[in-house]
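Undergrad: coordinates only, sequence not included:
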């Protein structure tokens, strides 16, 4: 099954993508592909074990992480309380630890 949506005007499924639009072959209606892809804005952020994370969760580091630009190392097993999930950029989690504020990737965390 393809994930091309049915035509919003005539509701038939005889549609195809063309450049940045979808086109209905039956009625000729055209609509932008970007509007159809915006429906999935709620991206689930999962930890290293596949558990879904939410704001306020407590997590544990699963490996030692060097902090870029410093000699600081975040040790494996360090617990982080009350994380905040963010979208965009190359990280998913903002948190505060004893060593300071950090932006971490969820693949290096597991839910506590």
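TA: Received it, and whenever you're ready, just let me know what you need. Predicted model only: the values in this text are computed from it and were never measured.

Undergrad: Run through the residues that contact the residue minimising distance to the centre of the chain.
TA: Centroid check for the chain by C-alpha atoms, centre = their mean gives residue 43 as the closest residue, at 4.4 Å. The neighbours of residue 43, taking C-beta atoms under 8 Å, 6 or more residues apart in numbering as the test, are residue 87. Where you see a C-beta, it was placed from the backbone N, CA and C, and this is true even at glycine.

Undergrad: ditto for residue 20
TA: With C-beta under 8 Å, 6+ apart, residue 20 has these contacts: 32-34.

Undergrad: In strands only, show me these.
TA: Those of these mapping onto strands are residue 32, per DSSP state E.

Undergrad: Please pick the buried ones from the contacts of residue 20.
TA: Burial by neighbour count, 16 or more other C-beta atoms under 10 Å: within these this picks out no residue.

Undergrad: TSV for the contacts of residue 20, including distance to residue 109 and pLDDT?
TA: Below are those laid out as TSV (distance: C-beta to C-beta, whole Å; pLDDT from 0 to 100):
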residue	distance to residue 109	pLDDT
32	37	87
33	34	83
34	32	76
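
Undergrad: Nearest to residue 12 among the contacts of residue 20?
TA: residue 33 (17.7 Å; C-beta to C-beta).

Undergrad: all helices for the protein, in order.
TA: 33-37 (DSSP state H).

Undergrad: By average pLDDT, which secondary structure element in it comes out worst?
TA: For the chain, counting by mean pLDDT, DSSP states H and E, helix 33-37 ranks last in confidence among helices and strands (a mean of 63).

Undergrad: quick check, nearest of the contacts of residue 20 to residue 96?
TA: Closest to residue 96, out of all of the contacts of residue 20 and judged by C-beta to C-beta, is residue 34, at 36.2 Å.

Undergrad: residue contacts, the closest one?
TA: So residue 34 contacts residue 20 (C-beta under 8 Å, 6+ apart).

Undergrad: For it, give its distance to residue 17.
TA: With distances taken as C-beta to C-beta, to the nearest Å, residue 34 is found 12 Å from residue 17.
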